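Trainee: sequence and predicted structure below; questions after.
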Protein chains: 2
Amino acid sequence: MGFDPDTPRIHPDPIEADPADEESLDVWGFRDTAFRARADGVVELTGSRYDLSGQEMPDLLGWVQRTIHPGVVPDDLNPPSYPPRIPEPIANPAFLDEARKILADDEILDDPEVRLRHGHGHTQEEMYRIKYGSLERVPDLVVQPSREEQVEALVQAAIRHDVSLIPYGGGTNVTDALRCPVGERRSIVSVDMSRMNRILWIDPVNHMACIEAGAVGRHINEGLAKHGFTLGHEPDSVEFSTLGGWVATHCSGMKKNRYGNIEDIVLGVRVVTARGVLERPAVAPRESVGSGDVRRWIFGSEGCLGIVTSAIVKIFPAPEVQEYASIVFPDLESGVRFLYDVQRSGRVPASVRVVDNAQFQLSQMLKPRSTGLKKVKSAIEKFFVTKIKGFDVEQMCACTLVYEGTREEVAEQQRSIAAHAKRHGGIAGGSENGKRGYQLTYGIAYIRDWILNHYLIAESFETSVPWSQALSLCEAVKKRLRDEHAKRGLPGKPYVTCRVTQVYPTGVCIYFYFAFYFKGVESPSEVYSEIEHAARDAVLEAGGSLSHHHGIGKIRQPFLPRIASPGMIRWGREIKSAVDPTNVFGAGNQLFAAPESSGTPGSTVESEAS
Amino acid sequence: MGFDPDTPRIHPDPIEADPADEESLDVWGFRDTAFRARADGVVELTGSRYDLSGQEMPDLLGWVQRTIHPGVVPDDLNPPSYPPRIPEPIANPAFLDEARKILADDEILDDPEVRLRHGHGHTQEEMYRIKYGSLERVPDLVVQPSREEQVEALVQAAIRHDVSLIPYGGGTNVTDALRCPVGERRSIVSVDMSRMNRILWIDPVNHMACIEAGAVGRHINEGLAKHGFTLGHEPDSVEFSTLGGWVATHCSGMKKNRYGNIEDIVLGVRVVTARGVLERPAVAPRESVGSGDVRRWIFGSEGCLGIVTSAIVKIFPAPEVQEYASIVFPDLESGVRFLYDVQRSGRVPASVRVVDNAQFQLSQMLKPRSTGLKKVKSAIEKFFVTKIKGFDVEQMCACTLVYEGTREEVAEQQRSIAAHAKRHGGIAGGSENGKRGYQLTYGIAYIRDWILNHYLIAESFETSVPWSQALSLCEAVKKRLRDEHAKRGLPGKPYVTCRVTQVYPTGVCIYFYFAFYFKGVESPSEVYSEIEHAARDAVLEAGGSLSHHHGIGKIRQPFLPRIASPGMIRWGREIKSAVDPTNVFGAGNQLFAAPESSGTPGSTVESEAS
């Protein structure tokens, strides 16, 4: 589209939710999708939503038995007892009366299972608890405002009636950010933003859009695509997570090399706070207005400083070309060296990531049964890589790539990538494997809940680190995980794997998965938490950050004094008190745990830092 | 350099200041450089520092006479009476005693002219006052710490003894950020960071460097260049402004398309605040640690929240190729349409900017006398552009470009630029004109002080605005400037010009210059301020931002309620009180003016917003 300053803004139709897209309350994702192991040991993914859906995975279970524990068999199940006992609500009748004046009847929810769902994200600990235990504290009420004025009125009512508000987006966090502080004696109200989900306008000249905070990623992308645009922001949770959640978490997307992370994408936010609405009449491409720029306060505020109601974002014309690719490398080190050169080249594809051998193996096991020619081709490829090229099947790793852009840009990147891959001993693995790698991101999210039924507990955590420390960090963290597993005499072998998911000029993001078999283990979820805590210690020891894009929430709070000086911790606390003196946004994440809510990890920060 | 994780950090030698680089106290820049008009009307630039130095400009004065006022002649001078009367210091003996324990004798300065220099930046009002009036308030003492521990001790001593501290970097701001609040009854101490100017380390693997805050841009670039790197950050003040000043101002550099603005470059900062040092043990390529990221608090804090002592920055290998270019367009609109397409192409040179006709004319007049073949060539070029191509000399404008990168990248950009230029009627203007355009940036900074001697008062101001409003904003602001000039019956014609200096996906930065002849005008500086204020009103009316990169300081404070909701203003105030309860950082810029210092523009913010 050429430059016509008078081109009007587009006002898209509201997003119509598809009834088929109903989400599960007890596990990750859509209701129509779940892994299951048939009696014959073949694993299936139900539904028809993903490429893998409806396919048979004959090799997965055997691989799990060999790699982790032979006890993982179809008929030895650890059935969940969801829903758990849900605590009685702490009522606040005066607030409820006001809420009834602000909201329509169907915008106020007190169904126990709905309350439960609003009281957790997707950490292993939370998911374990809702299936095999219970939550001590969940929101006492859930409200679903449809307009910003309602949010403003709710915040003022909450201040008047001493209620704690916790904003709720997609509920996909993995940091205990939604976990209600156990010591909270006030009524807790979850402010569910799902009704505020409209793309308010698209500006096709300046490539901006204004979108309400409750819109989920898949709807944003569909809505923009209708008009030839994309946001380009694709966190792994993009199907369910919301724009407001991305801002509050300080999110990253897998195609950030082309589209940027959330801080690059969001040009302006509207935020309802205890001291009024933070808003700007105009949004400029770049400014130096100091504290006049709302974004700095709100990125990563994790629901504790205000409620994001909408944001103005950069949008991009849908790319002319989208292509996938994969490369196999003899080992992780070659892969990282390849990434380093790619970053330096200036020809970085929208996404480029390298998985280690353990994850490469898993992805092979998640391949659907191949037959006929495809099977023959696959066998030949394997023969070529391992016998002719001499790759060690216990060392080789894979890189997957997404190219987006003009035909010319993509072609240039492909040429550059081919040259760098060759120099580091890489062998092209085909576009189909690349595409599968990315689609697995969505499918794989369902695995965790499924394997829990089979006594396997798993979780991921991420960090970012300068290039020179990347490989040593991977080694140190893996070693710590294995050592902690061994030290406790846990059954079977730990599954420990990492991938390098993002490249930056000065370093990378590294994503770890860790799983173990827990039949016969007492308090497996607590054991997992202890080991995960030890792994985070190893991450920090090795020079990694406390979080690349998941945020701090409550799960990483105890480590804040390790990454921030006492002065910084004081700043966070003082600022929270200054802008939210009654702690109406009482989620208690990050630096913002109320000092009085002792017993929560926040108190650790307080005691270690002050 | 390949990926060798064990490559050690480089610890460069300290920067040795060149005695030839002495700076003027009364005017912009180096002492060896000044414009002057000879009796024969030829203008010269003294010294040998710049390409223009030692050259004769025979056409400039005549053009000024025709364009602005015929009274601008060599012998009609308005000689400055610098230095002005300097107010008596408000002594604080108890603080001075402590300062003497913290600092060496030569790190404590009370020379009146040094105090004066530390009490202003380079706004027209400040420069007019030091030459033809006086400053009501300047720092009472100047200290020059050499180490962060000294800064910490000074801050604590200042809190104990009720002293106001104002950090001082290069003194180049154009927002009255260094102007001392007139109502300040405490002793004001300027903390001059010039001794903390070392590049502490260079990390050649991860492309990072740690640099002290008082290092000036030219020394940083020289220091990094010795080891094959560049910061790539080149604000127009790069010769004199400091890393700490860039952070505190939230600076932009002309080559930001390749290297980013300061927020893209700075990975971490150390800041001494009233509540302790904000520091991090590690710097990651990207994080989501919310308030744990110091940078968000400090970018654009304008000396009011703490003193930046060092920063860790991204560095880049020196580019393989640097090339300049210029293009002539029939008018500003064609130039802006060209920029729009260039931004959309993804092949954006390190710098690309378009000057309007008035500025194009000025740049022609700043050409040194050409003789022989060069003169013939220049005449032929002019003939071609105006007679053959039919460009209107009163409409045509120019684009200057800097390419940096690999040979291949630059070649691709050049091909792309050529195609876009052709489509918009552009004619290649040669690399020499491009280079001259950029070098003029440094030379032109000296013009303002020179023309003041000839009764010409001038100033620049900048904004950023979405693409679709760029041309209408230029027109509206120029019209307002001309109207305000006419309304007051000022002598001669106003000189009004703009250039589009930066492109972004969603808009541009626009830089205005405004000058008028003031002989016989009462209080010309105040008149200028009034008109400039009106122009800023027009900028905001037209959808522009209050500042693209100069910051807010005190000069733009009255407009804060126009760009920020009352809630945001309250946030700024509350946060300042929370982290600096005694207002030890008392510069009073932006949202951080102490409410009690009535009489300063800050009080306007207070009264309009609360």
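Mentor: Yep, that arrived. Note that the structure is predicted; figures quoted are calculated from it, not measured.
Trainee: C-alpha from now on. contacts and neighbour counts both.
Mentor: Noted.
Trainee: what bridges to A:Tyr517?
Mentor: A:Leu456 (DSSP bridges).
Trainee: what's the nearest residue to the residue of the stretch 301-450 of chain A found nearest chain B if we skip its chain neighbours?
Mentor: Relative to chain B, the nearest point of the stretch 301-450 of chain A is A:Ser301 (5.6 Å; Cα to the nearest Cα). Distances taken as Cα to Cα, 6 or more residues apart in numbering or on different chains put A:Ala248 closest to A:Ser301, at 5.2 Å, once the chain neighbours are dropped.
Trainee: the one you found touches A:Phe299, doesn't it?
Mentor: Yes - using Cα atoms under 8 Å, A:Ala248 is in contact with A:Phe299, at 5.3 Å.
Trainee: relative to A:Ala318, how far out is A:Leu224?
Mentor: Distance, A:Leu224 to A:Ala318, using Cα to Cα, to the nearest Å: 9 Å.
Trainee: shared neighbours, the two?
Mentor: Residues touching both A:Leu224 and A:Ala318 (Cα atoms under 8 Å, 6 or more residues apart in numbering or on different chains) are A:Thr230.
Trainee: now do the contacts for whatever residue of the stretch 101-250 of chain A ends up closest to chain B.
Mentor: Proximity of the stretch 101-250 of chain A to chain B (Cα to the nearest Cα) peaks at A:Asn206, 4.7 Å away. A:Asn206 is in contact with B:Pro466, B:Trp467, B:Ser468, B:Pro505, B:Thr506, B:Gly507, counting by Cα under 8 Å, 6+ apart.
Trainee: surely it is within a strand?
Mentor: No - with DSSP: H, G, I helix; E, B strand; the rest coil as the criterion, A:Asn206 is coil rather than part of a strand.
Trainee: can you pull the phi/psi pair for A:His227?
Mentor: phi -110, psi 20 (degrees, to the nearest 10).
Trainee: that one: neighbour count?
Mentor: Counted with other Cα atoms under 10 Å in any protein chain shown, the neighbours of A:His227 add up to 14.
Trainee: state the distance from it to A:Ala593.
Mentor: Distance from A:His227 to A:Ala593, by Cα to Cα: 43 Å.
Trainee: ditto for A:Arg270
Mentor: To A:Ala593, A:Arg270 is 23 Å away according to Cα to Cα.
Trainee: same check on A:Met365?
Mentor: Look at A:Met365 and A:Ala593: by Cα to Cα, they are 43 Å apart.
Trainee: how about A:Glu44?
Mentor: For A:Glu44, the distance to A:Ala593 - Cα to Cα - is 43 Å.
Trainee: so those two - more neighbours on which side?
Mentor: Each of A:Glu44 and A:Ala593 has its neighbours counted (other Cα under 10 Å); A:Ala593 has more, 27 against 22.
Trainee: so that one makes contact with A:Asn583?
Mentor: No - assessed by Cα under 8 Å, A:Ala593 is found out of contact with A:Asn583, at 9.0 Å.
Trainee: are we agreed that A:His577 is in a strand?
Mentor: That one is not His; residue A:577 is Ser. No - assignment of A:Ser577 by three-state DSSP gives helix, placing it outside any strand.
Trainee: wait, it sits on A:Gly586?
Mentor: No - in this structure, A:Ser577 is not within contact of A:Gly586 by Cα under 8 Å, at 11.5 Å.
Trainee: okay, these two: which has more neighbours?
Mentor: Taking neighbours as other Cα under 10 Å, A:Ser577 and A:Gly586 compare with A:Gly586 leading, 26 against 18.
Trainee: and the gap between that one and chain B?
Mentor: 16 Å (Cα to the nearest Cα, to the nearest Å).
Trainee: so who does that residue touch?
Mentor: Residues in contact with A:Gly586 (Cα under 8 Å, 6+ apart) are A:Ser164, A:Leu165, A:Ile166, A:Cys304, A:Ala593, A:Ala594.
Trainee: with A:Pro87 instead?
Mentor: A:Leu135, A:Glu136, A:Arg137, A:Val138.
Trainee: out of those, which is most surrounded?
Mentor: A:Val138 (30 neighbours).
Trainee: part of a helix, is A:Val142?
Mentor: No - going by three-state DSSP, the assignment for A:Val142 is strand, not a helix.
Trainee: report the beta-bridge partners for it.
Mentor: A:Leu109, A:Ser190.
Trainee: ditto for A:Ser460
Mentor: Bridge pairing for A:Ser460 (DSSP bridges) gives the partners A:Tyr513.
Trainee: now the strands for the stretch 501-610 of chain A?
Mentor: Ranges of strands in the stretch 501-610 of chain A, per DSSP state E, counting those that start in this stretch, are A:507-517.
Trainee: any low-confidence regions in chain A?
Mentor: A:1-2, A:594-610 (pLDDT under 70).
Trainee: redo that, cut-off 80
Mentor: Across chain A, the ranges flagged by pLDDT under 80 are A:1-2, A:370-381, A:383-384, A:594-610.
Trainee: longest helix in it, please.
Mentor: Counting residues, the longest helix in chain A under DSSP state H turns out to be helix A:467-487.
Trainee: please enumerate residues in contact with it?
Mentor: With Cα under 8 Å, 6+ apart, helix A:467-487 has contacts from A:333, A:336, A:340, A:494, A:496-498, A:506-508, A:510, A:514, A:531-532, A:534-536, A:538-539, A:542-544, B:3-6, B:205-206.
Trainee: now the angle between strand A:507-517 and that helix, please.
Mentor: Between helix A:467-487 and strand A:507-517, the angle comes out at 10 degrees (axes from the mean of the first three to the mean of the last three Cα atoms, to 10 degrees).
Trainee: mind listing what's buried in helix A:467-487?
Mentor: Counting neighbours by 16 or more other Cα atoms under 10 Å in any protein chain shown, one finds that the buried residues in helix A:467-487 are A:467-471, A:473-474, A:476-478, A:480-482, A:484-485.
Trainee: what does stretch A:69-76 give?
Mentor: Residues A:His69, A:Gly71, A:Val72, A:Val73, A:Pro74 are the ones in stretch A:69-76 that count as buried (16+ other Cα under 10 Å).
Trainee: do stretch A:405-415 as well
Mentor: For stretch A:405-415, burial by neighbour count (16+ other Cα under 10 Å) applies to A:Gly405, A:Thr406, A:Glu409, A:Val410, A:Gln413, A:Gln414.
Trainee: ranges for the helices of the stretch 1-150 of chain A?
Mentor: A:60-67, A:93-102, A:112-117, A:124-132, A:148-160 (DSSP state H, counting those that start in this stretch).
Trainee: tabulate those helices (TSV), appending distance to A:Ala274 and mean neighbour count.
Mentor: Conversion of these to TSV gives the following (distance: least, Cα to Cα, whole Å; neighbours: other Cα atoms under 10 Å in any protein chain shown):
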stretch	distance to A:Ala274	mean neighbour count
helix A:60-67	51	17
helix A:93-102	16	15
helix A:112-117	24	20
helix A:124-132	29	21
helix A:148-160	7	20
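Trainee: need those in a markdown table with distance to chain B, can you?
Mentor: As requested, the helices of the stretch 1-150 of chain A are exported to a markdown table (distance: least, Cα to the nearest Cα, whole Å):
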| stretch | distance to chain B |
| --- | --- |
| helix A:60-67 | 32 |
| helix A:93-102 | 21 |
| helix A:112-117 | 25 |
| helix A:124-132 | 20 |
| helix A:148-160 | 12 |
